[in-house]
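Enquirer: predicted model, plus sequence, below.
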Amino acid sequence: MSEEKKSLNFIEQIIEEDLANGMSKNDLRFRFPPEPNGYLHIGHTKAIGISFGLGEKYNAPVNLRFDDTNPAKEEQEYVDAIKRDIAWLGYKWDKELYSSDYFQQLYDWAIQFIKEGKAYVDSQSSEAMAEQKGTPTQAGVDSPFRNRSVEENLDLFNRMKNGEFDEGAHILRAKIDMKHPNMLMRDPIMYRILKKHHHRTGDTWCIYPMYDWTHGESDYVESISHSLCSLEFKPHRELYDWFLDQVVVEGTIRPKQREFARLNLSYTIMSKRKLLQLVEDHIVTGWDDPRMPTISGLRRRGYTPSAIKKFVETVGVAKRDNVIDVSLLEFCIREDLNKIAPRVMAVLDPVKLVITNYPEGKEEWLEAENNQEDDNAGFRKIPFSKELYIERDDFKEEANSKYFRLSLGKEVRLKNAYIIKGESVLKDARGNISEIHCTYDADSLSGTGTDASLRKVKGTLHWVSIKHAIKAEVREYDRLFMDEAPDSYQDKNFMEFINPNSLKIIDAFLEPSLLEAKVGDRFQFQRLGYFSIDEDSTSKHLVFNKIVGLRDTWAKQEAVQETNKPSEKVSQSQQNQPQRNAIDVIQQLGKKYTNLPEAKQLKAKADIQELAENVSYEELSPLFATASKKVGTRIAAMITLGVLLNKGLSKNAEINDFIQKALQDSDSLLISEAEAVS
RNA sequence: UGGCUUAUGGUGUAACUGGCAACACGUCUGGUUUUGGUCCAGAAGAGUCUAGGUUCGAGCCCUAGUAAGCCAACCA
């Protein structure tokens, strides 16, 4: 129980402060307010995690409120999908609510606004109004309708509500300030005429409230204490507060809007509009395509709720723009699946392996551990026979000592089975390997405890018995975009970065135990990665999605070797070796110099003096400009200068300046070094 | 000639509210291993955007710059 160490994010700090200032814990209440105009994606998961997470932390209710003020875009399908996704993540909302529940209350308040002279009906075209609104750097001007009488406004608004006007003929605006530096405060629109069927209120209304007018008041009606949203709503806060000022009654909970930076993921896009385009252009098969960053896509891909929650937790909450590396998401899912996914064997790119000294027709059912990370996972039987498939990548006719897999004359272990030795290969007319022949050591069977079974060999391969193997379709996914930030360019469309090879369909061979697997089951295909059964599967035709590969340091090594071979890209690998310029090392020593105890300081000084022998004046002189507060670096530079002067360097104006400034410093170490050279 | 916000290793987030920068991912070593996975041990990488200032002491406070993001939909 050592939770006190965990630091609070800035939102938690605000809440703690409110609590300290007398707010009752019972008054804490949050909400998640999606617009039902698209599917939830991984970015929303952050917002969900923040508000629902706070609810869990403080044991406070969290409402799910659909922000459904625009019937032109919103649909029941999205409501259902959103509820499904949040429930799947494992969060429980207190009440399921809709902004449309408050249409009447909002309308009543609007009437009150008109009566108090705080709102008016404008009857211009949207173009005219946009022009009057000005620009961020230029004040707006008042509408000619701004000073209509209360009676006229009331009459017009009433007739708007009754459907007497066409869309666009009139709107209701709050009367605030057309010269306000915040554009949102320049008489924002509260209502527009929309003769559309609403998924909940049907045809009851033909005027619909705008977001700004609706959101804060809905929070208020629900007694939301903290209304958390992403950063782009920061400018809206002023208006949110202005609207609240007009209606909040003393002694009630006044909601507080606070903003955090939204989540961005490298190599993906987060805009609902753009995601919709991928669906409509059939780049993907739907919102739940396993390549999509939607929650439903991740679910179908095989991600677990706990991995996603862990991810969101790890990412943190702050106010600066960020791009999270996908490797973190992958880490979270691997970490989770490593503990829970049963291991099985599957061969995705088969080559036939024949064990020449294994009896014809013999078969054995060998014992295999389901998950060595889980003591309760148990064991299963897998069939072994003379003819197997192994991975094409797992064999090379000749290989160096770095290659741990099968090659001619070398031994490897077949996982859960025997040790084999490569003997010969058969090739087809084009020279491709069609069969590998090997011999096995009959005494080496896994788990028998014989000396032979205990022998250590370099590599272990996964395999599957040809006769017993079941065929399955495996869908392997790659990132949808080839650019790290596909929608960050003004001059390029994100569609230009679509990865044409984001889906690869593979005919794979699996061990027969998989015949019993059900849709949604997740497995580790040993040495390959994590896979889950897709809902397209039938009893005759299994379909797997690759969730994520295993961490693969071998593939990485190979890639490095490749790039290093043609040209001498040695510099890259040297970068990590302590092969640095003397001056850089000196600078480094300097950084820590003032923090060192005296004995180490002396050693550092000696090191610097030694290194200084290999430093030219041209390398040193830039350090003269070091900021005055970086005392350590200046000391190191001074010591180095001493060495150069000793070697016959003559002083110039630059050097004298540097020394003079050091002599006037407050740091005694620096002064004494400066005195030593002056 | 606007307003608001942000700035800490490659990435993300910390730093007990002023006491010489920590955690996670990633990278690299080494060990264990019947998964080149996991696990274990370790390393490299940041004087905290710049320049001043206050202070015994600044990533935290002040001033001035710089850079990035957001704001002109009858969208949310």
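Expert: Right, received. Where do you want to start? Owing to the predicted nature of the structure, the values given are computational and were not obtained by experimental measurement.
Enquirer: around RNA strand B, which positions in the stretch 1-150 of chain A sit nearby?
Expert: A:7-10, A:13, A:33, A:35, A:67, A:69-70, A:72-73, A:124-126, A:129-130, A:133, A:135-137 (C-beta under 7 Å from any atom of the strand). Placement of C-beta: from N, CA and C, glycine included.
Enquirer: what residues does the stretch 451-600 of chain A put near RNA strand B?
Expert: A:453, A:456, A:459-460, A:462, A:524, A:526-527, A:550-554, A:556-557, A:560, A:576, A:587-588, A:590-595.
Enquirer: just the C-alpha atoms of stretch A:69-83, please, in CSV.
Expert: Written as CSV, here are the backbone C-alpha positions of stretch A:69-83 (Å, rounded to 0.1, in the frame of the first residue of the first chain):
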residue,chain,number,x,y,z
THR,A,69,-27.3,18.9,-30.9
ASN,A,70,-26.7,18.5,-34.6
PRO,A,71,-29.3,16.1,-36.2
ALA,A,72,-27.6,16.5,-39.5
LYS,A,73,-24.7,14.4,-38.5
GLU,A,74,-25.7,12.2,-35.7
GLU,A,75,-27.1,8.7,-35.8
GLN,A,76,-28.3,6.0,-33.4
GLU,A,77,-25.7,3.6,-34.9
TYR,A,78,-23.0,5.7,-33.4
VAL,A,79,-24.7,5.9,-30.0
ASP,A,80,-24.8,2.1,-29.9
ALA,A,81,-21.2,1.7,-31.0
ILE,A,82,-20.0,4.2,-28.4
LYS,A,83,-21.8,2.5,-25.6
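Enquirer: quick revisit: mind checking which of the residues of the stretch 451-600 of chain A next to RNA strand B are buried?
Expert: With neighbours counted by 16 or more other C-beta atoms under 10 Å, those contain buried members at A:453, A:460, A:462, A:524, A:526-527, A:550, A:587, A:590, A:593-594.
Enquirer: where helices are concerned, which of the residues you listed count?
Expert: Among these, the residues falling in helices (DSSP state H) are A:453, A:587, A:590, A:593.
Enquirer: contacts only, for the third one.
Expert: Think A:Gly590. A:608, A:632-637 (C-beta atoms under 8 Å, 6 or more residues apart in numbering).
Enquirer: could you rerun that using 10 Å?
Expert: A:604, A:608, A:623, A:626, A:630-640 (C-beta atoms under 10 Å, 6 or more residues apart in numbering).
Enquirer: closest one of the residues you listed to RNA strand B?
Expert: RNA strand B lies nearest to A:Gly632 out of the contacts of A:Gly590, by C-beta to the nearest atom of the strand, at 2.5 Å.
Enquirer: once you drop chain neighbours, what's closest to the closest one?
Expert: Of all residues not flanking A:Gly632 in the chain, A:Tyr593 sits nearest, at 3.9 Å (C-beta to C-beta, 6 or more residues apart in numbering).
Enquirer: my guess is the one you found meets A:Leu669, correct?
Expert: Yes - with contact defined as C-beta atoms under 10 Å, A:Tyr593 and A:Leu669 form a contacting pair (7.8 Å).
Enquirer: okay, and the common contacts of the two?
Expert: A:601, A:605, A:631-632, A:634-635.
Enquirer: mind checking which of the residues of the stretch 1-150 of chain A next to RNA strand B are buried?
Expert: Buried members of those, scored by 16+ other C-beta under 10 Å, are A:33, A:35, A:67, A:69-70, A:124, A:129, A:133.
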